[in-house]
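**Student:** for reference, the sequence and a predicted model appear below.
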Protein chains: 2
Amino acid sequence: MAEPPRGRARRRDPEAARTIRDVADRAGVSTATVSRVVNGNYPVAASTRAAVERAMRELGYVANAHARALAGSTTRVVGIVVNEIVDPFFAYIARGVQSEATASGRLCLVCSTQGDEAAELRFVDLLLEQRADAVILVGGAVEDQDYFATIGQRAKQLAKNGSSLVLCGRPGLESGVPAYAVDYDNTGGAAAITDHLLSVGHTKILYLGGPTMLSTTTARVRGFRQAYAARKLEHDPALVRTGAFGRQWGYDQTLRALDEGPEFTAIFAANDIVAAGAYTALRERGLSIPGDISVVGYDDVPVAVELQPALTTVRVPLEELGRAAVRAGVSGQEPNADPFAHQQQVTTLGTVVVVRDSVAPPGRR
Amino acid sequence: MAEPPRGRARRRDPEAARTIRDVADRAGVSTATVSRVVNGNYPVAASTRAAVERAMRELGYVANAHARALAGSTTRVVGIVVNEIVDPFFAYIARGVQSEATASGRLCLVCSTQGDEAAELRFVDLLLEQRADAVILVGGAVEDQDYFATIGQRAKQLAKNGSSLVLCGRPGLESGVPAYAVDYDNTGGAAAITDHLLSVGHTKILYLGGPTMLSTTTARVRGFRQAYAARKLEHDPALVRTGAFGRQWGYDQTLRALDEGPEFTAIFAANDIVAAGAYTALRERGLSIPGDISVVGYDDVPVAVELQPALTTVRVPLEELGRAAVRAGVSGQEPNADPFAHQQQVTTLGTVVVVRDSVAPPGRR
DNA sequence: TTGAAAGCGCTAACAA
DNA sequence: TTGTTAGCGCTTTCAA
């Protein structure tokens, strides 16, 4: 390897990346002009433009996004923090975020905490450093005092740095905190599918799953009870088993519920994955679905159709949720939008029951 | 809204983001010193350090990643381009990329093309602008002349800009092009699971799925044939049906294969999703698995255990693949590593057959 | 151990 | 229509 040339002329390393200066020199214009043709937001004479474009092509010029972010104001990047990217619930939301980000010419920084709560905050701080146009926090979090204080503080810091915080599938913060919230209708969806079960004759329904302290769980259990109330039916509180999501959890708890009672004829699983666990447990006990026990889920992720029998569940517009989150988060960046006008705006999307084969009227037993 | 203060003192907007200058002023040191304590890579007197840290805390200082990327050299970001983030195959690889990126203090830009081929290149260009430390391209691409030319060109451009290109689950480029390749053993895995089928007595096996022009497909079909050859068995070429991945495709083609012949007693589905489609088709025709037809898949994604009967398949170390990709891509960035030493280094990971319940000796029919 | 100062590559007034 | 010129916020010699 030869030493790099050290003459006073200081010729650029021909292997090095090209800058706007190189393009300007080669095209015989100023860097401002190059900037204008790159951004196309300012009139440039056709001949000049052609010369610049030619120079860019010949040099293989690639703009530096960081220099651009530093000099300009928007970074054209949105960040999303999820619990687990391989979980279809999050994956579909991420897909929506992706597609809306792409549609608005942005890239998407995806952070997956793998269930590590502290990681969420660390990622938010990293996204803060990145000056992401929007930071989208998806799904459940332990909603204690600490959480609200910390997230509220981060929301302010994000706002100060020109980013906006979007809470997706989790409740909004106190008013006055600059954050958006987009969520779907947990209570309504839960009430609807519970009523579906009630309408075919089930009254002893086991509600199964979801972290107990999670607002999503609270909202769904509320819907579950509302459906009973609407039909003037009583529900045994012992038939509500919350604690976690997950296939294994669904499996274990179904077995325990079967052993410990009280008796039930149907299961409302907090999501489709929990339902999958319940299926296995039921099958192991020789119980048929829906002959002996009916099962419904929530979310309508792809596994719902692979289960035998195919699972009746609540379809949640996950992709749309992701898209709405991006829209909310970057709206403040659009020209003549008052960022504060939308503060604490809460968007709620509807859900729909998808009837498949896992529900039948209660039978023998 | 009051006008911003216009006095000569030019006091900063108290709402604006804090910079290293603000911290330096408040701590009564220079920006260089602040930079040193932030990066902790240089000796700073304990008392000075404390003062700076205090100032940072009081001001709520957050470093600007773009300024840092511009002034420094590494961006601490890796980019990954996948076909479809909700597909578990890609999701697991993305998870591996995530975790390795996080472990090395990096963030992860995830781009999902949604099957749009042209989008891949667009994303690569965007990642080029971002000066991502590594750009990881995952999964199949149409490997024609054009592809090799274009990707080769991008690889060089990436290298020029200090990024490296990693091909993950796809073949490497010609030697001399600065790109890494990490892949898993398609041929070996396919041979192993085919032999599993052969060993219980199947000889008429339908190979089903995978884009015909894809190197992954080619490699698996090669393994499939090798297994036959190893046992000195003949295979009917009419029993190889390639074309696409996907549940629907698997379903349609199983039906067609059943109708059009030749006869077969087992199906080797190119991946678990295709197998899921085959399951549905078989069930619709009243064929039992594995009584009438045995089925095996590839990848071992979660759906494999939800299928009834649980699917025997080839476990691919998807997460490890993602991790290996990041390691390969950022290795050039590590101190005293000669980036060219690793050029075109190809890493191949092993696979293993997971036996479940979807294979039995061939029966009646 | 610390500071001064020169950039990194780009955008956006402001002038011409 | 184009050029000049300040920065944007940080890192990194080079001096002190």
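**Tutor:** Yep, it's here.
**Student:** so who does A:T203 touch?
**Tutor:** The contact partners of A:T203, by Cβ atoms under 8 Å, 6 or more residues apart in numbering or on different chains, come to A:233, A:265. To be clear about C-beta, it is placed using only N, CA and C from the backbone, and glycine gets the same treatment.
**Student:** pretty sure it sits in a helix.
**Tutor:** No: counting by DSSP: H, G, I helix; E, B strand; the rest coil, one finds A:T203 to be coil, located in no helix.
**Student:** and the gap between it and A:G209?
**Tutor:** The gap separating A:T203 from A:G209 is 20 Å, by Cβ to Cβ, to the nearest Å.
**Student:** what sits against the closest residue to A:R225 other than its chain neighbours?
**Tutor:** Among residues not flanking A:R225 along the chain, A:H235 sits closest, at 6.2 Å (Cβ to Cβ, 6 or more residues apart in numbering or on different chains). Listed by Cβ under 8 Å, 6+ apart, the contact set of A:H235 reads A:205, A:224-225, A:228.
**Student:** pretty sure A:H235 is in a strand, no?
**Tutor:** No: under three-state DSSP, A:H235 sits outside any strand and is assigned coil.
**Student:** where do the domain boundaries of chain A fall?
**Tutor:** A:20-63, A:77-184+A:318-332+A:342-349, A:186-316 (the TED database).
**Student:** tell me the mean pLDDT over the shortest one?
**Tutor:** The predicted model gives domain A:20-63 an average pLDDT of 94.
**Student:** how long is it end to end?
**Tutor:** End-to-end distance for domain A:20-63, by Cα to Cα, to the nearest Å: 7 Å.
**Student:** so that domain, near DNA strand D or not?
**Tutor:** Yes: residues of domain A:20-63 contacting DNA strand D under Cβ under 7 Å from any atom of the strand: A:28-33, A:36, A:42-45, A:47-49.
**Student:** what about that domain, near chain B?
**Tutor:** Yes: legend: contact between domain A:20-63 and chain B by Cβ under 8 Å from any Cβ of the partner chain is shown at A:60, A:62-63.
**Student:** and chain A, which residues reach DNA strand D?
**Tutor:** So chain A meets DNA strand D at A:28-33, A:36, A:42-45, A:47-49, A:67, A:70-71 (Cβ under 7 Å from any atom of the strand).
**Student:** buried subset of those, written for ChimeraX?
**Tutor:** Buried residues within the residues of chain A next to DNA strand D, by 16 or more other Cβ atoms under 10 Å in any protein chain shown, are selected in ChimeraX with:
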select /A:29,33,36,44,48,49,67,70
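**Student:** okay, and which of the residues of chain A next to DNA strand D map to helices?
**Tutor:** Among the residues of chain A next to DNA strand D, the residues falling in helices (DSSP state H) are A:31-33, A:36, A:47-49, A:67, A:70-71.
**Student:** which members of those are the farthest-apart pair?
**Tutor:** Greatest spacing in those, by Cβ to Cβ: A:S47 and A:L70 (31.0 Å).
**Student:** from DNA strand C, how far off is A:R241?
**Tutor:** 56 Å (Cβ to the nearest atom of the strand, to the nearest Å).
**Student:** how about A:V97?
**Tutor:** 25 Å.
**Student:** show me what the lowest-mean-pLDDT helix or strand in chain A packs onto, helices and strands only.
**Tutor:** When the helices and strands of chain A are scored by mean pLDDT, DSSP states H and E, strand A:346-349 comes last with a mean of 84. Secondary-structure packing of strand A:346-349 (3 or more Cβ pairs under 8 Å, 6 or more residues apart in numbering or on different chains; DSSP states H and E): strand A:179-184, helix A:318-331.
**Student:** reformat those as CSV; add mean pLDDT and mean neighbour count.
**Tutor:** Below are the helices and strands packed on strand A:346-349 laid out as CSV (pLDDT from 0 to 100; neighbours: other Cβ atoms under 10 Å in any protein chain shown):
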stretch, mean pLDDT, mean neighbour count
strand A:179-184, 93, 24
helix A:318-331, 94, 23
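**Student:** which stretches in the stretch 251-365 of chain A count as strands?
**Tutor:** A:266-269, A:294-296, A:313-315, A:346-349, A:352-354 (DSSP state E, counting those that start in this stretch).
**Student:** quick one, phi psi at the residue of the stretch 151-300 of chain A found nearest DNA strand D?
**Tutor:** Using Cβ to the nearest atom of the strand, A:N161 is the residue of the stretch 151-300 of chain A that sits closest to DNA strand D, at 9.1 Å. In terms of degrees, to the nearest 10, the main-chain angles of A:N161 are phi -100, psi 10.
**Student:** Three-state assignment for the spatially closest residue to it that is not a sequence neighbour, please.
**Tutor:** Spatially, and ignoring its direct neighbours in sequence, A:N161 is nearest to B:A17 (4.5 Å; Cβ to Cβ, 6+ apart). Secondary structure, three-state DSSP: B:A17 is coil.
**Student:** any regions of chain A where pLDDT drops low?
**Tutor:** Chain A contains residues with pLDDT under 70 at A:1-14, A:332-344, A:364-365.
**Student:** 80 - rerun?
**Tutor:** A:1-16, A:73, A:140-143, A:175, A:332-345, A:363-365 (pLDDT under 80).
**Student:** verify the contact between A:R21 and A:A32 for me.
**Tutor:** No: applying Cβ atoms under 8 Å, one finds A:R21 not in contact with A:A32, separated by 11.4 Å.
**Student:** which parts of the stretch 51-200 of chain A sit against DNA strand C?
**Tutor:** Going by Cβ under 7 Å from any atom of the strand, the residues of the stretch 51-200 of chain A near DNA strand C are A:61, A:63-64, A:67-68, A:70-73.
**Student:** what do you get if the cut-off is 10 Å, keeping everything else the same?
**Tutor:** With Cβ under 10 Å from any atom of the strand as the criterion, the stretch 51-200 of chain A meets DNA strand C at residues A:56, A:61-74.
**Student:** from those, list the buried ones, please.
**Tutor:** A:56, A:61-70.
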